[in-house]
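*Asks:* Take a look and give me a structure for this.
(2 chains)
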Amino acid sequence: MKWSEVRDKYPDTWVLFEALEAHSENGKREIKDISILNTFDDSSKATKMYREIHKKNPQRELYVAHTQKKELEIRERRWLGIRI
Amino acid sequence: MVGDKNMKYPIKLNDNLPFVKLKLIHNDKELILKNVLIDTGSTKSVFKENLVEKINIKPEPEDILGSIRGIGGTEFVYIKQIDLLYLDNTCVRNFKVDIGEMDYDFDIDGILGMDFLLKINAIIDLNNLIIKTID
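*Replies:* Numbers count the residues shown, from 1 in each chain, chains lettered A, B, ... in the order given. Here you go, the predicted structure:
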C-alpha cells in the first residue's frame, strides 16, 4: 500500500507500519510499499508495540506515524556503532 | 546559547567512554539524563525514548520521522525540538534531537553528537576529564 492509500483507509489515526519496499534518496527514506501492523489512538501505545516487535526483529523497517501527515518525510541517518 | 564564560563540566568514564549529565526542560517539565555519551563520531544527538516519555515527550502528528540504518538493523526515531538543554550552566534553546528506542544493552540515556558540541564550542579535555566551553 502507498502512504496516500493508508491515509484514505485509516484516516486521522496513529499507525505502526512496516516498509516492505523502500530506497534511500538524497538523505531521505522513500517508502514504496507499506504494510499496516496496527492502528492506535495514542502514540505512546504505538511506540510501545514498536519496541516489542523491534526487539525481536531489529532488521524489520518499522515506523510510527500519524495519518494526518500528507507527506511521509523520513530523514535517514547512518549508524556505524559505538565500539565497546 | 546562554551561560557563564569558561565553564567546566565533569566527564565520567564508563568502559573508557566519556559520559556527562544533562538536564532537559520541555513544556516546563524537567528531566535529568545521567549517562549521556559524548560522541564526536555522531553528527546528531539522540535521547532515549522511554526516559523522555516521563516529561511527556512523545510522537506528535506533525513530527518529522527518521530512520537510523546500519549495523544491527534499522531503528525508528522522531525529531523533537527541546525547549532547553542544560549541560550544567550552559543552556541551549530549541535544540532538535532524535528520540529513539536506544536499546543497546548498556547503560546509556542519550548521545550528544557534533551538532550540540559545535553549538557550545566544546573543548573536551581528557587529561582533566572535563568539558570546557568558551562563549
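
*Asks:* How about the contacts made by residue 27?
*Replies:* No chain was given, so I picked chain A. A:75-76 (CB atoms under 8 Å, 6 or more residues apart in numbering or on different chains). Every residue, glycine included, has its C-beta placed from N, CA and C.

*Asks:* oops, I was thinking of chain B
*Replies:* B:55-56, B:83.

*Asks:* go on, B:G100?
*Replies:* If you count contacts by CB under 8 Å, 6+ apart, B:G100 has them with B:46-49, B:66, B:68, B:75-78.

*Asks:* in its sheet, what does the strand or helix carrying B:Y78 sit against?
*Replies:* For B:Y78, the host element (DSSP states H and E) is strand B:73-87. Taking DSSP bridges as the criterion, strand B:73-87 forms sheet pairs with strand B:17-26 (antiparallel), strand B:65-70 (antiparallel), strand B:90-100 (antiparallel).

*Asks:* for the last one, which positions count as buried?
*Replies:* To tie it back to what came earlier, the one meant is strand B:90-100. Neighbour-count burial for strand B:90-100 flags B:90-92, B:95, B:97-100 (criterion: 16 or more other CB atoms under 10 Å in any protein chain shown).

*Asks:* would a markdown table of these with pLDDT and distance to B:F19 be doable?
*Replies:* Output for these, formatted as a markdown table (pLDDT from 0 to 100; distance: CB to CB, whole Å):
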| residue | pLDDT | distance to B:F19 |
| --- | --- | --- |
| B:T90 | 90 | 17 |
| B:C91 | 93 | 20 |
| B:V92 | 96 | 18 |
| B:F95 | 98 | 19 |
| B:V97 | 97 | 17 |
| B:D98 | 97 | 18 |
| B:I99 | 97 | 19 |
| B:G100 | 95 | 18 |
